[in-house]
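Enquirer: what follows is a predicted structure for the sequence shown.
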Amino acid sequence: MFTRVQAEELLTEALASRSELSELECKSGMGNALQHALCATANRKDRNGGVVVIGVDEKFNVVGVEDIEGVQKLVADWTSQLFNTQLRADFELMERDGRPLLAVIVPPCPSGFRPCHLRRDGPFDGSWIRVGNTTRKMTPDEVRREIAADEVARGTVPAFDMSPVESADRTALDDGLVAEYVAMVMKARPGSQVGRMSVDEVLRSINAVAQVRGEWRPTPAGLLFFCPEPQRYLPQSSVEFLHLWGPELTSLGPDGSRWRANREFKGTLPQIIVAVEAALLERIATRGIIDSFRRHDEPEYPRFALREAIVNAVAHRDYTLRGSRIQVRLFPDRIEVQTPGGLPPPVTVDNIEDEQTARNEAIVTLLQDYDFMERRGYGFNGLVAEMRKAGLAPPQMWDDGASFNLVLKSHVLMSPEGLEWLKQFSGIDLTPQERLALAYLRVNQKLFNRDYARLADVTGPEATQALRRMVERGLLAMKSTRGGAYYVLTGKPLAPSLFTGQAGDDERILELARKRGRIARRDVVRELGIGEKTASLALRRLVRQAKLLKHGTRRGSSYSLP
């Protein structure tokens, strides 16, 4: 549970940013919304509980609490009677602007009772959850997954990837694939016991089979590694790969098609990982690197980052969701990987570098044996480090409970264009980390605290202090929404060109079209710093000169190279 000191710090941060935090929610008074907040805080994915402050309205004005004793007694009654389990909350009296506030420090819902829900509504209508900085009702799928995860944690049922698939029998597993696995393990670990086991003993030792009514049947883990056609039994285990023409899912190509490639990869998980990686490497651009006076080409995304994104998706997706697949989308400027099921608790977008867990332990163990995953939890940290080493922005992430989304962007922050753009700040003494933050905002609209922490390789508190200093110096402005505080550049750039100063507007627009595939007027305005009227005239001129093709009309217009 949180301490009083931590609650005070969170409240100070929320009032300063005028934004709620994932760990803290503010309420002006009593009612259903407060009950929902208590329930959602107990259900937070990181299993740490949180703080609900009473006496702050939705605009983050301190309104205070008139009857502290009465409010505390009522909330104490709620936490002991309203929910399916008692929430042993702590109460702390605080003060801001001379007005009293009541902080309710809510513990995590105890194991065996998850998800916490209102008794009167039952688990499927009365379960609420804190996702990021918002409170909402849990979906039926989320409730079912939470119940299943609770049963697995208590050991009353096996994890899904270790449970028998009754529609398959032992013959679905290929002994040749098992032999290849054994040979690989023996090469890596010559003293392993698997070399002295029979095939069936090997399968049992790695949870590739499980017993049901006296018969050994394949588990999802077994099918995904040792069945030649695992999608016959687990159709949700394939991976969709889309190569898009433009920067949006709705972008159309010159021939009116939506994507350049649309493929579905099937087979065992090792086969899928290798195939998706090859498809990405085949289609992404390369960039020349000068090293020791010699030039060599490298993919525009680090190979480790590509593989890690794919491996994490197949390792941690929720295989109980049968109607959805992992989707890998390649855009001209980024790669998106969407994984069904969201992050496995207690991992969240904010603590992903520090927390380690496995929704599918048997699958993760096998991926480690196949040398696709590190055993020391280096994976995601390594992805961030490799992106930073390549001069790219840290991955962007969001988790809406239904899916986890990872985005890798191809913008090289300290490219020649980026360095040229940074010259506008030449009269200001900037640290290397501050220069990175400004370069990041050149190609991204928002900078969150966690983005700066990953970009500069610092802790969360250090990132907060650094960003506040940049605000004080007038370099950044802090904005806030109900979804959290973020930072933007102040005013208009002094020298907004993305490219060299000698290049005219037309050449810069054409270069942007070459990079993006398809652009709209708003892209020209936002990316190149050109005024709306000037952008419109330039686009019309390029269309008349047959240097650009126009698609659509009015606000829906977009442009591409012929």
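Expert: Structure's in. What do you need?

Enquirer: hey, let's count contacts and neighbours off CA atoms from now on
Expert: OK.

Enquirer: give me the beta-bridge partners of Glu215?
Expert: Using DSSP bridges, the bridge partners assigned to Glu215 are Val212.

Enquirer: looking at this protein, which helix or strand does the model trust least?
Expert: The weakest-scoring helix or strand in the chain, judged by mean pLDDT, DSSP states H and E, is strand 286-291 (a mean of 61).

Enquirer: pLDDT score for the most centrally placed residue in the chain?
Expert: Among the residues of the chain, the one closest to the centroid is Met397, at 2.5 Å (CA atoms, centre = their mean). Looking at Met397, its pLDDT stands at 93.

Enquirer: helix, strand or coil: sort out it for me.
Expert: strand (DSSP: H, G, I helix; E, B strand; the rest coil).

Enquirer: what's the burial count for the residue nearest to it when sequence neighbours are not counted?
Expert: The shortest distance from Met397 to any non-neighbouring residue, by CA to CA, 6 or more residues apart in numbering, is to Leu406 (4.7 Å). By other CA atoms under 10 Å, the residues close to Leu406 number 19.

Enquirer: OK, contacts around Leu406?
Expert: 309, 336-338, 395-398 (CA atoms under 8 Å, 6 or more residues apart in numbering).

Enquirer: what are the phi and psi angles of it?
Expert: Main-chain torsions, Leu406, degrees, to the nearest 10: phi -120, psi 130.

Enquirer: can you check the one 10 residues further on too?
Expert: Reported as degrees, to the nearest 10, the phi and psi values for Pro416 are phi -50, psi -40.

Enquirer: any idea of the pLDDT on it?
Expert: Reported pLDDT at Pro416 in the predicted model: 85.

Enquirer: what number of residues lie near it?
Expert: So Pro416, with other CA under 10 Å, has 13 neighbours.

Enquirer: how near is it to Leu422?
Expert: Distance of Pro416 to Leu422, given as CA to CA, to the nearest Å: 10 Å.

Enquirer: what do you get for Glu434?
Expert: From Glu434 to Leu422 the distance is 11 Å (CA to CA).

Enquirer: now do Arg44
Expert: 40 Å.

Enquirer: neighbour count winner among those two?
Expert: Comparing Arg44 with Leu422 by other CA under 10 Å, the one with more neighbours is Arg44, at 26 against 22.

Enquirer: where does the more buried one land in three-state SS?
Expert: From three-state DSSP, the assignment for Arg44 is coil.

Enquirer: any idea which helix or strand carries His243?
Expert: Element membership of His243 [criterion: DSSP states H and E] is strand 239-244.

Enquirer: which helices and strands does that strand pack with?
Expert: strand 259-265, strand 326-330 (3 or more CA pairs under 8 Å, 6 or more residues apart in numbering; DSSP states H and E).

Enquirer: most packed of those strands?
Expert: Among these, the stretch with the highest mean neighbour count (mean count of other CA atoms under 10 Å) is strand 326-330, at a mean of 23.

Enquirer: that older thread, distance from the strand holding His243 to the middle of the chain?
Expert: Averaging C-alpha positions (CA atoms, centre = their mean, to the nearest Å) puts strand 239-244 18 Å from its chain's average.

Enquirer: flag the shaky bits of the protein, pLDDT-wise.
Expert: 287-296, 375-377, 481-483, 491-504, 529, 554-555 (pLDDT under 70).

Enquirer: quick one, domains of it?
Expert: Domain assignment for the chain, taken from automatic domain parsing, gives 4-154, 160-230, 235-409, 416-489, 505-560.

Enquirer: from one end of the longest one to the other, what's the distance?
Expert: Spelled out, that is domain 235-409. End-to-end distance for domain 235-409: 30 Å, by CA to CA.

Enquirer: so what's the residue count around the nearest residue to Glu20 once chain neighbours are set aside?
Expert: Leaving aside its sequence neighbours, Glu20 sits nearest to Ala14 (CA to CA, 6+ apart; 5.5 Å). Neighbour count of Ala14, defined by other CA under 10 Å: 20.

Enquirer: contacts only, for Ala14.
Expert: Counting by CA under 8 Å, 6+ apart, Ala14 has contacts 20-21, 24, 60.

Enquirer: nearest to Thr79 among those residues?
Expert: Nearest to Thr79 among the contacts of Ala14: Leu24, at 17.1 Å, using CA to CA.

Enquirer: any idea how far Val5 is from the closest one?
Expert: With CA to CA as the criterion, Leu24 and Val5 are 13 Å apart.

Enquirer: which one's more surrounded, these two?
Expert: Taking other CA under 10 Å, Leu24 and Val5 do not tie; Leu24 has more neighbours (25 against 9).
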